[in-house]
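Student: got a structure for you, letters missing:
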């Protein structure tokens, strides 16, 4: 797919068709995240990818807003180090934001929808995913074919007016 | 360009050709950022885009590692609110990471390279860009045609081994 179509058709999907992703579709999504840039190339992320339905249901319990994970075809848990320094924590968040967007665009390119969920219950996440004590699950990114309608370019996204957000030369 | 080519050919560029971007190339980059998803769609960003050479040179002084901004064809300063709450600050960083990646992929799609710079001297950034006291410049994302060689897909990016980063099912 043309890049601009992938960027403009990406949308938050929370209701997924009961249809698995092909292994190479999922690997492409993961590779896009793996390739993402990061501060001094520190790559503060690990990705735990879950496709088992029972495990997805357990994973969906990590936050009240994470219910949509249960019905996803695959969910990528983005794991980062537990960092003491607040600047480092912010830097890690910025970088996993980059990895997230890269995965979501690579998904949209394949007609695959995606969503985000925060992780409130780290103990539950650790039980389900098995990551070490010195890490936390920062976000869950869930993927699947949309249950409702295919991804198509969104003409008028629900955003603040473009000319308010973009300042030319000076604020 | 095919999305996968854009994702795989994106690389950090710090040495730019002395060649401006077309207005619609730049607008497409900005639109990609503007479309990015964010927590509860709060869109914590404003984008100040700079193309004037003298202004770019002044902007490059905001951090010792920002020298490459001076030679860019255009730089987008990502402005966010000054937030007291550390969770909110982290959330804003994650979301501007998403907007950044979206802009960089939209750039790569057009053969345009990009780089990142942190902002250490907020006073200098504010003088050059004119944003209000209740905001900070979080990052500068600079764009331009690479001085050395065109963007082409990178076969072996300098990253941790894929199979170490990606965990299947459990850590």
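Tutor: Received it, and whenever you're ready, just let me know what you need. Since the model is a prediction, treat every value here as computed from it, not as a measurement. Residues are numbered from 1 along each chain as shown, chains lettered A, B, ... in the order given.
Student: so is the residue in chain A that chain B sits nearest to in a helix, a strand, or just coil?
Tutor: The nearest approach of chain A to chain B comes at residue A:97, 2.2 Å away (CB to the nearest CB). To be clear about C-beta, it is placed using only N, CA and C from the backbone, and glycine gets the same treatment. Secondary structure state of residue A:97, per DSSP: H, G, I helix; E, B strand; the rest coil, is helix.
Student: Let me know the pLDDT of it.
Tutor: Looking at residue A:97, its pLDDT stands at 98.
Student: so what secondary structure elements neighbour the host helix or strand of residue A:79?
Tutor: Assigned by DSSP states H and E, residue A:79 belongs to strand A:74-81. For strand A:74-81, the packing partners by 3 or more CB pairs under 8 Å, 6 or more residues apart in numbering or on different chains; DSSP states H and E come out as helix A:23-34, strand A:46-50, helix A:53-59, helix A:86-108, helix A:122-129, strand A:135-144.
Student: For the residue nearest the centre of chain A, give the beta-bridge partners.
Tutor: For chain A, residue A:141 is the residue whose C-alpha lies nearest the centre (CA atoms, centre = their mean; 3.0 Å). When bridges are called by DSSP bridges, residue A:141 pairs up with residue A:76, residue A:116.
Student: so what's it up against?
Tutor: By CB atoms under 8 Å, 6 or more residues apart in numbering or on different chains, residue A:141 lies in contact with A:75-76, A:78, A:100, A:103-104, A:114-117.
Student: Put the buried members of those residues into a ChimeraX selection.
Tutor: For the buried members of the contacts of residue A:141, the matching ChimeraX selection, counting by 16 or more other CB atoms under 10 Å in any protein chain shown, is:
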select /A:75,76,78,100,103,104,114,115,116,117
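Student: Adding pLDDT, write the contacts of residue A:141 out as CSV.
Tutor: Below are the contacts of residue A:141 laid out as CSV (pLDDT from 0 to 100):
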residue, pLDDT
A:75, 98
A:76, 98
A:78, 98
A:100, 98
A:103, 98
A:104, 98
A:114, 98
A:115, 98
A:116, 97
A:117, 98
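Student: burial count for the closest residue in space to residue A:43 that isn't next to it in sequence?
Tutor: Of all residues not flanking residue A:43 in the chain, residue B:160 sits nearest, at 5.5 Å (CB to CB, 6 or more residues apart in numbering or on different chains). By other CB atoms under 10 Å in any protein chain shown, 13 other residues sit near residue B:160.
Student: Give me the pLDDT value at residue B:160.
Tutor: If you check residue B:160, the pLDDT there is 98.
Student: before we move on, what about residue A:4?
Tutor: Residue A:4 carries a pLDDT score of 98 in this model.
Student: ok, now residue A:108?
Tutor: 98.
Student: how about residue A:146, phi and psi?
Tutor: For residue A:146, the backbone dihedrals (degrees, to the nearest 10) come out as phi -60, psi 140.
Student: Report the contact partners of it.
Tutor: Listed by CB under 8 Å, 6+ apart, the contact set of residue A:146 reads A:13, A:15-17, A:113.
Student: is it possible to export those residues to JSON lines including neighbour count?
Tutor: Shown next, in JSON lines, are those (neighbours: other CB atoms under 10 Å in any protein chain shown):
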{"residue": "A:13", "neighbour count": "23"}
{"residue": "A:15", "neighbour count": "13"}
{"residue": "A:16", "neighbour count": "24"}
{"residue": "A:17", "neighbour count": "14"}
{"residue": "A:113", "neighbour count": "28"}
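Student: Now for residue A:124, how many residues are close by?
Tutor: 18.
Student: For residue A:60, see how far away it is.
Tutor: To residue A:60, residue A:124 is 10 Å away according to CB to CB, to the nearest Å.
Student: Check the contacts of residue A:141 against residue A:42 and report the nearest one.
Tutor: For the contacts of residue A:141, the minimum distance to residue A:42 (CB to CB) is 14.5 Å, reached by residue A:78.
Student: right, and the closest one touches residue A:99 too?
Tutor: Yes. Shown here, residue A:78 and residue A:99 form a contact pair, counting by CB atoms under 8 Å, at 6.9 Å.
Student: Name the residues contacting each of these two.
Tutor: Common neighbours of residue A:78 and residue A:99 (criterion: CB under 8 Å, 6+ apart): A:33, A:45.
Student: ok so, going back, so the strand holding residue A:79 versus strand A:135-144, what angle?
Tutor: Between strand A:74-81 and strand A:135-144, the angle comes out at 160 degrees (axes from the mean of the first three to the mean of the last three CA atoms, to 10 degrees).
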